[in-house]
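Asker: Model the following, please.
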Amino acid sequence: MKGIIDTHTHMDSPKFDNDRAEAIQRAREAGVELLFNVGFNRETIPTTLELAESYPFVYAIVGWHPTDTADLREGDLAWIESLMSNPKVAALGEIGLDYYWDTSPKEVQQQAFRDQIAIAKRCRKPIVIHNRDAHEDVVRILREEKAEEVGGIMHCFSGSWETAKQCLDMNFYISFGGPVTFKNARVPKEVLAQVPMDRLLLETDSPYLAPHPHRGKRNETSFVTLVAETAAEIKGKSVEEIVSITSANARKCFQIS
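Answerer: Okay, here's the model as predicted:
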């Protein structure tokens, strides 16, 4: 399965401290051509940048995660904006809203979301959206802030087809990870079936959300092949066709030739 792209992973996680190089090598052996590692707070942005500088096939996505927005200090968003000129930084994210974890007030999350969309627009970078239990507010803020000017990715999409359509209309790609492989994942499978091929992306979100049959265990980028196999089955395409199309989509989204 050559040429596959994992558009969202966290290989800098401490969960890989004992075998990071080996896990990255397993990804390469599985056919992963590029991986996009996400740094989302004060601790993980530097480790993500370090990883991207260490491997030519690793790119960074940096931003401030909604659950960490209560910890934002003066200068943090200026720091993120300054990183957008780094040639190994492909996008701004993951940003958005998370109403599941009660770690940051909604109004703080929403303001940070708006501020980071503005940065992305100034820097002409796509944005990567984290949305948990906040579909209506995420879509509303994307629309109000005219996020379609830069577009981006709805990461590990878990919403309805109606929400997906609204995001597609705003120039976003829809990305699926491990949960779409779960046997009880009726809605994600139905949504994936309807997403146009030219707007479909694959990811792992490792070390979280490992696909079947590894559910409940540590995820890693090499498992993106299992997501590709499920997508091929749902779409009635060959795995090779899914890999070719989703990888072309990722390169177009991130503006990487």
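
Asker: Spit out the contact partners of Pro225.
Answerer: One correction, residue 225 is Thr, not Pro. With contact set as C-beta atoms under 8 Å, 6 or more residues apart in numbering, Thr225 has these partners: Met1, Ile4, Ala30, Gly31. Any C-beta I mention is one placed from the backbone N, CA and C, and that applies to glycine too.

Asker: I'd like the distance from Arg215 to Arg186, if you could.
Answerer: Taking C-beta to C-beta, to the nearest Å as the criterion, Arg215 is separated from Arg186 by 16 Å.

Asker: More neighbours: those two, which one.
Answerer: Neighbours were tallied for Arg215 and for Arg186 using other C-beta atoms under 10 Å; the higher tally belongs to Arg215 (14 against 9).

Asker: and the more buried one, what pLDDT?
Answerer: Listed pLDDT for Arg215 reads 96.

Asker: Could you list the residues in contact with stretch 24-37?
Answerer: Here stretch 24-37 has contacts from 1-12, 48, 51-52, 55, 57-61, 90-91, 220-222, 224-225, 243, 247, 250, 254, 256, using C-beta under 8 Å, 6+ apart.

Asker: out of the residues you listed, which are inside helices?
Answerer: With DSSP state H as the criterion, helices contain Thr48, Leu51, Ala52, Val224, Thr225, Val243, Ser247, Ala250, Phe254 from among the contacts of stretch 24-37.

Asker: coming back round to it: would you show me how to pick out the buried ones of the contacts of Thr225 in ChimeraX?
Answerer: Only the buried members of these enter the following ChimeraX selection, criterion being 16 or more other C-beta atoms under 10 Å:
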select :4,30
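
Asker: Show me which pair in the contacts of Thr225 is furthest apart.
Answerer: For those, the farthest-apart pair by C-beta to C-beta is Ile4 and Ala30; their separation is 7.5 Å.

Asker: Now the common contact residues for those two.
Answerer: Shared contacts of Ile4 and Ala30, defined by C-beta under 8 Å, 6+ apart, comprise Val224, Thr225.

Asker: By residue count, which strand of this protein is the longest?
Answerer: Of all the segments assigned as strand in the chain under DSSP state E, the longest by residue count is strand 89-98.

Asker: neighbouring strands for that one, and are they parallel or not?
Answerer: On the basis of DSSP bridges, the sheet neighbours of strand 89-98 come out as strand 58-62 (parallel), strand 127-132 (parallel).

Asker: so Ile61 makes contact with Leu49?
Answerer: No: using C-beta atoms under 8 Å, Ile61 is not in contact with Leu49, being 10.6 Å away.

Asker: out of these two, which sits in the busier spot?
Answerer: Taking Ile61 and Leu49 together and counting by other C-beta under 10 Å, Ile61 has the greater number of neighbours (30 against 19).

Asker: Quick check: beta-bridge partners of that one?
Answerer: Val38, Ala91.

Asker: and the residue lying closest to Glu145 once chain neighbours are set aside, what does it touch?
Answerer: Nearest residue to Glu145 in three dimensions, chain neighbours excluded: Ile117, at 4.4 Å (C-beta to C-beta, 6 or more residues apart in numbering). Ile117 makes contact with Ile95, Ile127, Ile141, Leu142, Glu145, Ala147, Val150 under the criterion C-beta under 8 Å, 6+ apart.

Asker: Save those as JSON lines, and put in pLDDT too.
Answerer: Listed next are the contacts of Ile117 as JSON lines, based on pLDDT from 0 to 100:
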{"residue": "Ile95", "pLDDT": "98"}
{"residue": "Ile127", "pLDDT": "98"}
{"residue": "Ile141", "pLDDT": "98"}
{"residue": "Leu142", "pLDDT": "98"}
{"residue": "Glu145", "pLDDT": "98"}
{"residue": "Ala147", "pLDDT": "98"}
{"residue": "Val150", "pLDDT": "98"}
